[in-house]
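Q: Have a look at this prediction, sequence included:
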Amino acid sequence: DMEVAMRVWRRVRRWEHLGLALIVVAGLAMHFSIINQPQDVMTDEVYYVNDARGIINGDGELRPEHPPLGQLLIAAGIALFGDTTFGWRFFSVIFGAAGIVFFYLICDRLGMSRRAALIATFLLAFENLTFVQASIAMLDVFSVTFMLAAFWLYLRRSYALTGVAICLATLAKLTGGLALPVIALHWLLTRRDRRDYFCLSMVLAPALFFTTMPFFDAIITGYPVDPIGRVKQLLSVSASITFNGPHHPFASRPWEWILRPDVMPYYWDPQYVAVISFSIGVLIIPVLLHMAWVTRRGNTVGLFCLLWFA
């Protein structure tokens, strides 16, 4: 009856995570409304979707520059929902939403007010580059979401699970492993608590990576692969992609994304472009200067943000 409905409504309005839920639901609605546009592979989807198809068909091959977890997640979407744009991109959308939740939880752990955490989460959820990467079948959204999970787990001192999350981030894309030095440096400079337990958790991340990657590789190839040789191959191929090689029209150095932002088109109609929203990009340098200032005054949150950015 009406009284019960009003009681439920009052309870919903008082729910501390209502704002976060609205942001996530709105983001999911927007993502799923465009998930079939375009009905064609775009940018690097051409590689990873074909990799996933090979896995489904039983003739999968290992990608020499990336670990296997991202391709397996794309393949899982195809296995569940068919070889369609919905199947290719389903888990990218889900991981994108999960990343937004982890980011909010990170803001909360860093001591931000609920209003400030919601504003920051809103800005991230609907920032252009973040939204685009969570819309397409590429590896970045998987790795970044696991990294966000690792940061949140570290901030709540769940050190063993932090190592697991770092491992998963690295299994999706090698750059996920950069979460480890961020966390290790922050711990060394600020916490130094539970020394033996923390050090073991940091060792756990590479140990799990070396022991689980052959399992995931075997799902793709049907046979075990030497993990040491595989890692050497991954690092060798990644190290070969430099500005000394053949020129790429959209090659850019990290600082150019901040000082001289350019548009990298992923698809023209409808438009998918890899560019950080101006409203975010224009604030990066001022915010970093502020973080440096508060770090100098002994603020460990500022230090964490600086290490993360670096």
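A: Noted; the coordinates are in hand.
Q: What are the boundaries of the helices in the stretch 1-150 of the chain?
A: Along the stretch 1-150 of the chain, the segments classed as helices by DSSP state H, counting those that start in this stretch run 2-14, 18-34, 45-57, 69-81, 85-109, 114-125, 128-133, 140-155.
Q: do you know how far C305 is from R115?
A: Distance, C305 to R115, using C-beta to C-beta, to the nearest Å: 19 Å. C-betas here are computed from N, CA, C, even on glycine.
Q: Between the two, which has more neighbouring residues?
A: Using other C-beta atoms under 10 Å as the criterion, C305 and R115 rank with C305 on top: 20 against 9.
Q: so the more buried one makes contact with M291?
A: Yes - assessed by C-beta atoms under 8 Å, C305 is found in contact with M291 at 4.8 Å.
Q: Backbone dihedrals for Y272, please?
A: Dihedral angles phi and psi of Y272 (degrees, to the nearest 10) take the values phi -120, psi 120.
Q: got a list of what it touches?
A: M42, T43, V132, S135, I136, P265, Y266 (C-beta atoms under 8 Å, 6 or more residues apart in numbering).
Q: In contact with the first one, which residues are there?
A: If a contact means C-beta under 8 Å, 6+ apart, then M42 has I136, Y266, Y267, Y272 as its contacts.
Q: give me that answer again for 6 Å
A: Y266, Y267 (C-beta atoms under 6 Å, 6 or more residues apart in numbering).
Q: I'd like the distance between it and A134.
A: For M42, the distance to A134 - C-beta to C-beta - is 14 Å.
Q: got it, and the last one?
A: Applying C-beta to C-beta, one obtains 13 Å for the distance of Y266 from A134.
Q: the more surrounded of the two?
A: Neighbours per residue (other C-beta under 10 Å) separate Y266 from A134, with A134 holding more: 26 against 19.
Q: How about the contacts made by the more buried one?
A: Counted by C-beta under 6 Å, 6+ apart, A134 has contacts S92, G96, V141.
Q: Check whether the last one really touches Q133, as I assumed.
A: Spelled out, it's V141. Yes - the pair V141 / Q133 is scored as a contact, 5.1 Å apart, by C-beta atoms under 6 Å.
Q: So for those two, which residue has more residues nearby?
A: Taking neighbours as other C-beta under 10 Å, V141 and Q133 compare with V141 leading, 29 against 21.
Q: ok, now which ones touch the more buried one?
A: If you count contacts by C-beta under 6 Å, 6+ apart, V141 has them with S92, F95, G96, Q133, A134.
Q: switch to 10 Å and redo it
A: Taking C-beta atoms under 10 Å, 6 or more residues apart in numbering, we find V141 in contact with 70, 73, 89, 91-99, 130, 132-135, 172-173.
Q: Look up phi and psi at P265.
A: Dihedral angles of P265 (phi, psi; degrees, to the nearest 10) stand at phi -70, psi 130.
Q: Next, count neighbours for it.
A: P265 has 13 neighbours, counted by other C-beta under 10 Å.
Q: now it: how far from R11?
A: Applying C-beta to C-beta to P265 and R11 gives a distance of 47 Å.
Q: now swap in T43 and tell me
A: In terms of C-beta to C-beta, T43 sits 45 Å off from R11.
Q: higher neighbour count, the two?
A: When T43 and R11 are compared for neighbours, T43 comes out ahead with 18 against 9, by other C-beta under 10 Å.
Q: what's the more buried one in contact with, if anything?
A: Contacts of T43 (C-beta under 10 Å, 6+ apart): V132, I136, A137, M138, F250, M264, P265, Y266, Y267, Y272, A274.
Q: Most neighbours of all those residues, which one?
A: A137 (29 neighbours).
Q: just to revisit the earlier point, got the contacts of A134 as JSON lines, with pLDDT and distance to L283 columns?
A: Shown next, in JSON lines, are the contacts of A134 (pLDDT from 0 to 100; distance: C-beta to C-beta, whole Å):
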{"residue": "S92", "pLDDT": "97", "distance to L283": "26"}
{"residue": "G96", "pLDDT": "97", "distance to L283": "22"}
{"residue": "V141", "pLDDT": "97", "distance to L283": "23"}
